[in-house]
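**Student:** Turn this into a model:
(chains A and B)
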Amino acid sequence: MRLYLPRDSVTQALGGEQLATALKAEAARRGITLTLTRNGSRGLFWLEPLVELETPAGRVGFGPFTAADIPALFDNPATHPKALGLVAELPFLKRQQRLTFVRAGVTDPLSLDDYAAHGGWAGLNRARALSGAEICAEVTKSGLRGRGGAGFPTGIKWETVRKAEAAQKYIVCNADEGDSGSYADRLLIEADPFCLIEGMAIAALAVGATRGYVYLRSEYPIAAAILSQAITLAAQSGHLGGFHLEVRLGAGSYVCGEETALLESLEGKRGVVRAKPPVPALVGLFGHPTVINNVISLATIPHILADGAEAYAAFGLGHSRGTMPIQLSGNIKHGGLFETAFGITLGELVEEIGGGTATNRPIRAVQAGGPLGAYFAPHQFDILYGYEEYAKAGGLIGHGGLVVFDDRVNMARMARFALEFCAHESCGKCTPCRIGSTRGRELVERIMTGGGAEPHLALLRELCDTMKSASLCALGGFTPYPVLSALTLFPEDFTALPAAAE
Amino acid sequence: MTDNWSPERAKDIISAHLSLEGPLLPILHALQQEFGYLPREAMVLVAEALNITRADVHGVASFYPDFRSQPPGRHVLKICRAEACQAMGGEENAEALLARLGLSWGITSANGALTIEPVYCLGLCATAPNAQRDGEAFSRLDADTLEALAREVL
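**Tutor:** Got it, this is the predicted structure:
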């Protein structure tokens, strides 16, 4: 009997380890030889813990699984009350276009055999036969843009580093996934770490780098353990050649997800943002030319090299080529990772695929792109998913998170939170962010405690304008997005709160 | 976590990391893992080993929320306060818990058993609300299961 149970952070946080022990104990009691593979998650989180049973027809799922569901699984899986049928046929999975996440949940994340059997290393092998310039050209042709949120064309960044003359160059992976509502980096690292490693090795070949770092947030201990083991295995297998790769842990600072603050932090300094130019591609880690890309950008590279730039660029909308792993979060019935071509509407994502709210109440607002992203209201649900489309609507896709709120949310509170978070996380280098966030929070507070809408609202808008145009990085520069969108879409909330609500 | 300060142990930890590029954060993580916080004496040793000023070390250590200058309670419960958890009532659960225990964010219980701290996102946002106790995450919490996490170690 062969079973699969993820050991990703979500399953572990839902008692995965105890379930694994109980499954093995039950099998032993019944004298059944059980092979239990701890795979990565497929990203259907509302079904986790998701136990899969291998059958001649394919893998059959059971979830959300609890210890009480174990005896029936061994008695008669066909009539199990939690039976979901073939996992690959579940509509949530079937509707996706999985290119970057093709192996997620399918394979054992630490099995090199699994990785190779499911198309692993094909991209790196092809890259070895190409020149650095050819690899960069292929990535540029794919249309891949920075999946961390900034959306800068990856191939152009690489070409800049490749052309730079230097004795030492670095590949840095930004795995400081701090946006609430985002977990694509964590899922990829926990489900398919070799894919990220392969992408970084290809980047190293492309630009002539010999050292690489993954800057991973400390809030992800399971991802850190899996990735460190995977790097050791990949290095031992000889796939990395002379490329030296290390994991470094962040220390709880959100602003270190900003690329220059991240580089400062890697160097052992305070995570203070650097002024640009010079860009990190020319003056990056320890002053050397550095490719710094998000996890998803790098993990998409093996697919692009293996299947070709055209195949990737065939997906998408306008200047947003390829696919995006969109993360459905917060108050949503079917929360999980949905990788799909750009161009899908917000309504399809949160209502059809996500199934509406978990609380069965109407959706009131959706925050797109993390704490620095704008809120959207249901009348905007026809917006198409793409970098330019969201920017035009006064928002951003960011790292692909969507956080759903039901009709009980108070949007003045959310605006206050956005400013409070900015104040909490500001690196302190530029004044609009350092001071503006605190003054902004005070303004929202005054409105909420009965200070009246005017003149505070006018001041708040003016302050947001200053933060937008004069902040050094996206933290101060984009915090106005959630604030202004809340203000514009839900002005009725910007009044004194009833005493009971606060 | 106990105060088991040992200058010899600290020196060993520091020198084990000196061959790294940018060794300061790995050293601070390792020292905190060993001692539960960053003792002032350890910061002096770090400054000497890296040939930087004590102010530099203090500046870095105090920038990052993970690093502690004081020992926390024997157990640390980090409750997520970010948007996805807020959307599922995490904030209300947290406030209710603090009120029931008579604690505030960042304050250790009188018996030294528990410190409750905020955390901004654990990356489990599809199964919110979430918390992390002593490094282990817990998901789909409600007011009762959250309170149980605290009570079990109080």
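**Student:** Where do the domain boundaries of chain A fall?
**Tutor:** For chain A, the structural domains run A:2-94, A:112-313, A:317-406, A:411-501, going by automatic domain parsing.
**Student:** quick one, strands of chain B?
**Tutor:** B:75-80, B:114-119, B:131-133, B:136-138 (DSSP state E).
**Student:** Nearest to residue A:99 among those strands would be which one?
**Tutor:** Comparison of the strands of chain B against residue A:99 by Cβ to Cβ identifies strand B:136-138 as nearest, at 28.7 Å. Bear in mind the C-beta positions are built from the backbone N, C-alpha and C, glycine included.
**Student:** what does the closest one contact?
**Tutor:** By Cβ atoms under 8 Å, 6 or more residues apart in numbering or on different chains, the residues outside strand B:136-138 that reach it are A:9, A:12-13, B:122, B:124, B:130-132, B:145, B:149.
**Student:** can you pull the contacts of the residue nearest to residue A:338 when sequence neighbours are not counted?
**Tutor:** Nearest residue to residue A:338, sequence neighbours excluded (Cβ to Cβ, 6 or more residues apart in numbering or on different chains): residue A:326, at 4.9 Å. Residue A:326 makes contacts with A:337-340, A:344, A:349, A:385, A:400, A:402, as judged by Cβ under 8 Å, 6+ apart.
**Student:** where does the residue sitting nearest the centre point of chain B land on pLDDT?
**Tutor:** The residue lying closest to the centre of chain B (Cα atoms, centre = their mean) is residue B:66, at 5.1 Å. Per-residue pLDDT puts residue B:66 at 97.
**Student:** just residue B:2 next, same as before
**Tutor:** 49.
**Student:** Could you do the one 3 residues further on as well?
**Tutor:** If you check residue B:5, the pLDDT there is 93.
**Student:** and it, how many neighbours does it have?
**Tutor:** Residues near residue B:5, counting by other Cβ atoms under 10 Å in any protein chain shown, number 16.
**Student:** Ignoring the adjacent residues along the chain, who's closest to it?
**Tutor:** Spatial nearest neighbour of residue B:5, excluding adjacent residues (Cβ to Cβ, 6+ apart): residue B:39 at 5.2 Å.
**Student:** What is the neighbour count of that neighbour?
**Tutor:** 20.
**Student:** Next SSE downstream of the top strand by length along chain A?
**Tutor:** The longest strand of chain A (DSSP E) is strand A:323-330. Going down the chain from strand A:323-330, the next helix or strand is strand A:336-341, by DSSP states H and E.
**Student:** quick check, the next helix or strand after that next one touching chain B?
**Tutor:** Using DSSP H and E, the helix or strand that follows strand A:336-341 in sequence is helix A:346-347. No - if you take Cβ under 8 Å from any Cβ of the partner chain as the test, helix A:346-347 misses chain B, and the best it gets is 16.0 Å.
**Student:** Could I get the CA-only coordinates of whatever helix or strand comes next after helix A:346-347 as CSV?
**Tutor:** Reading on from helix A:346-347 to the C-terminus, the next helix or strand found by DSSP H and E is strand A:363-368. Extracted in CSV, the C-alpha atoms of strand A:363-368 (Å, rounded to 0.1, in the frame of the first residue of the first chain):
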residue,chain,number,x,y,z
ILE,A,363,-17.4,39.3,-0.4
ARG,A,364,-16.8,43.0,0.4
ALA,A,365,-13.2,43.5,-0.5
VAL,A,366,-10.2,41.7,-2.0
GLN,A,367,-6.7,42.9,-1.3
ALA,A,368,-4.4,42.1,-4.3
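**Student:** Can you list the helices and strands that strand A:363-368 packs against?
**Tutor:** Judged by 3 or more Cβ pairs under 8 Å, 6 or more residues apart in numbering or on different chains; DSSP states H and E, the packing partners of strand A:363-368 are strand A:375-376, strand A:401-406, helix A:411-425, helix A:480-489.
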